[in-house]
Each structure stands twice: as structure tokens, then as C-alpha cells.
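S.K.: Please find the sequence and the predicted model below.
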Amino acid sequence: MQHPPKIALSSSSSSLFGDLHFECNYYNVDQVRLLSRSLLLALSTACVERTYGDPFQTPLSVAPDIRKELINYLLRFVPSSSTLEAITSCSLSPLESAQDLLDTFVLSKTSFISRISSKLINNESKEDKIEDFLQELHVTETWISSHRDQVAKMVLRKLDIRRDTNCGMRFKSEFELEKHELVCVLRPISCGNEGCGHVFSAIHVVEHDKLCVYKLLPCEQRCEAMVIRGEMDKHCVTECPMRPMKCSFFHVGCNVMVPYRNLEQHCEESIDLHLTLACEIAQKQEAHVSNLTQRIFILQKVSKIY
């Protein structure tokens, strides 16, 4: 796996941390991914809000300028003492703090017409425009994911007082840094299950393993097959030789449920039982037919009298 480039600190930073020149750049992959998506949604929302009701501008026409404003706003933001206190006291995560920043930015771009419309009319049309423009941003690659990820990392780093989302540990030598990167809890790991390939931080390996739909598992009905988690239900219902089946003679009263692969054996071993049940059904049907025949005969005699 290719490691990210090592960052040598500036002379001022170097004096602050002594001889610790090399810093671990690993981040919580999931947190970066979530914030990266929020950045694109915030851009889409801000562009629609800014141009809503404006016949001379479209969201795409203002997207480059608003994207630049959004980046500058996030990177120049200085956390207040109250924000830092909330983060430190665990009442606010860096991701939540970043989302608050995005909400504030979007609000600042809301036009007068857009604000009035939100109070007077149904906002479904605006939400549809935001969703449509979000898809357009994806297609046109107005803001590529790699660049959004870099912005997300810088924002999280600024807000991550407790170091929950970025490692940031510093070392004296490149060798010490590389040794740490092999065991860093935030090092990126690619899922080894065939068909998955999802990338996540090492700290989430157990969590991902419990949820990965591509993980091979023993059949829940204990046949010999190994089945991926995402197809387990289908396998158990339609393919598994151990799936429970009704006896072929259930219509004559055999209510036994047997594994599919044992169905033929059950029928062979239960011939006498099935014949007995079939005879009982035949006798009951014969008695029922006889009863109906008597009723018809009585009705015919009554009809002749009248």
C-alpha cells in the first residue's frame, strides 16, 4: 500500500516540537469521506439558494465562485473558545462542527427571494433542484473528490482537538514514522473480501467485518457451502440443500418438514404411512360422495311429489 507523503515541519513548528520533524498524515477515512460528501452537498445547496428565482443566473454559473468562497471560509475559520470547549468536552465532534460551518455558509448565500419562498410556498421544488444540481456536479466534476478530500482533511485537522480523526503523531526520523504507520489505528485498509475493496481506517476493521456484504460465511442452515453475507437469504430460501421443505404427500396429511436433500429419502421410508393416509382420505371422500348421493336422491323424490 502506498503511503502518503511525509510532511516536514517548518522551522517555527520544528522549534515548537523539538527534533520531531516527521508527522503521520493518516486520517479517519470514513470521517473524511462523509465530510467530502457534505462539502459537495453544501456547494449544491448554496448555489441553488443563491440563484433561486434569479432568471439571469444558474447554479452552475455561480458554482466556481461559490466553491472558492466556501474553501476560503473553511480554511480561514478560527475556532472560537466555545467551539473548542464543546469539542474538548466530547459534546461536539469535529464532523459535527464542520457541518455547522457548512450550514452557516449556506445560510449566508440564501437570496432574499429564496428566504421568502421558504415561508410562503412548498419547498419540495427547491429540494428537487438541489438534488438535481448535486447530480450535475457529480457528472461535470465541478469539484473533484480528491480535492474535496484534501479540504475535508484540513478542516477536520483544524477542528480535531482530541485527535479523533487525524493521527498527527510526530517522530524524529523517517524510519520511526514508517514503523508507526504500520500499526497506526488510522492507517487505511482495503477490505480483502472479493468484490468489496472498501477502504477504511484500521480502527473500523472489526465494525466493517461485521457488516461487509461480501464476507464469506458458513451457511446459516449448516450445509457445506460458504456464502457471501449479501446472498445468504437467497441461498437459504432457493438453493440450500438444507432448506426446509414440505413432504410431497402433505395434501394427504403428512405434515413433516424435512431438508430438501432428505425429501426423497423421507418419501421412500414413509411409503406405508403415506399409503395409510391416502386410504383414509379416499375413505372420507367415498363417504362424502355417498352422503351427497343420498341427498340428491331425496331431492329428486321431493321434486316429484310437488
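M.R.: Received the coordinates, thanks.

S.K.: all strands of the stretch 201-306 of the chain, in order?
M.R.: 216-218, 226-228, 244-246, 257-259 (DSSP state E, counting those that start in this stretch).

S.K.: between the ones you listed, which one is nearest to residue 75?
M.R.: Closest approach to residue 75 among the strands of the stretch 201-306 of the chain (C-beta to C-beta): strand 226-228, 42.5 Å. Where C-beta positions appear, they are placed from N, C-alpha and C, glycine not excepted.

S.K.: so how far is the closest one from its chain's centroid?
M.R.: From the chain centre to the centre of strand 226-228 is a distance of 20 Å (C-alpha atoms, centre = their mean, to the nearest Å).

S.K.: shift numbering so it begins at 50
M.R.: Fine by me, first position is 50 from now on; the one you just mentioned is strand 275-277.

S.K.: Mind listing the strands that strand pairs with, and their directions?
M.R.: Here strand 275-277 has these sheet partners by DSSP bridges: strand 265-267 (antiparallel).

S.K.: Enumerate the positions of the partner strand that are buried.
M.R.: Buried residues in strand 265-267, counted by 16 or more other C-beta atoms under 10 Å: none are found.

S.K.: Centroid-nearest residue for this protein?
M.R.: Nearest residue to the geometric centre of the chain (C-alpha atoms, centre = their mean): residue 260, 9.6 Å.

S.K.: quick one on the thing from earlier: and of the strands of the stretch 250-355 of the chain, who's closest to residue 123?
M.R.: With C-beta to C-beta, the closest approach to residue 123 among these belongs to strand 275-277: 40.0 Å.

S.K.: And for that closest one, what's in contact with it?
M.R.: Identification of contacts with strand 275-277 by C-beta atoms under 8 Å, 6 or more residues apart in numbering yields 242, 244, 262, 263, 264, 265, 266, 267, 268, 284.

S.K.: Would you mind listing the buried residues in stretch 100-113?
M.R.: Per 16+ other C-beta under 10 Å, stretch 100-113 contains these buried residues: 100, 101, 108, 111, 112.

S.K.: For these, work out which two are farthest apart.
M.R.: 101 and 112, at 14.2 Å, using C-beta to C-beta across the buried residues of stretch 100-113.

S.K.: hey, where'd the strands end up in the stretch 100-249 of the chain?
M.R.: Under DSSP E, counting those that start in this stretch, the stretch 100-249 of the chain gives strands at 219-220, 237-239, 248-250.

S.K.: Show me which of these has the highest average neighbour count.
M.R.: Each of the strands of the stretch 100-249 of the chain was scored by mean neighbour count; the highest is strand 219-220, a mean of 20, by mean count of other C-beta atoms under 10 Å.

S.K.: what about the stretch 250-355 of the chain, any weak spots by pLDDT?
M.R.: 353-355 (pLDDT under 70).

S.K.: thinking again about what came up before, what's the closest of the strands of the stretch 250-355 of the chain to residue 201?
M.R.: Among those, the nearest to residue 201 by C-beta to C-beta is strand 275-277 (31.3 Å).

S.K.: distance of residue 269 from residue 307?
M.R.: Separation of residue 269 from residue 307 (C-beta to C-beta, to the nearest Å) stands at 18 Å.

S.K.: Between those two, point out the one with more neighbours.
M.R.: A count of neighbours by other C-beta atoms under 10 Å puts residue 307 above the other of residue 269 and residue 307, at 19 against 13.
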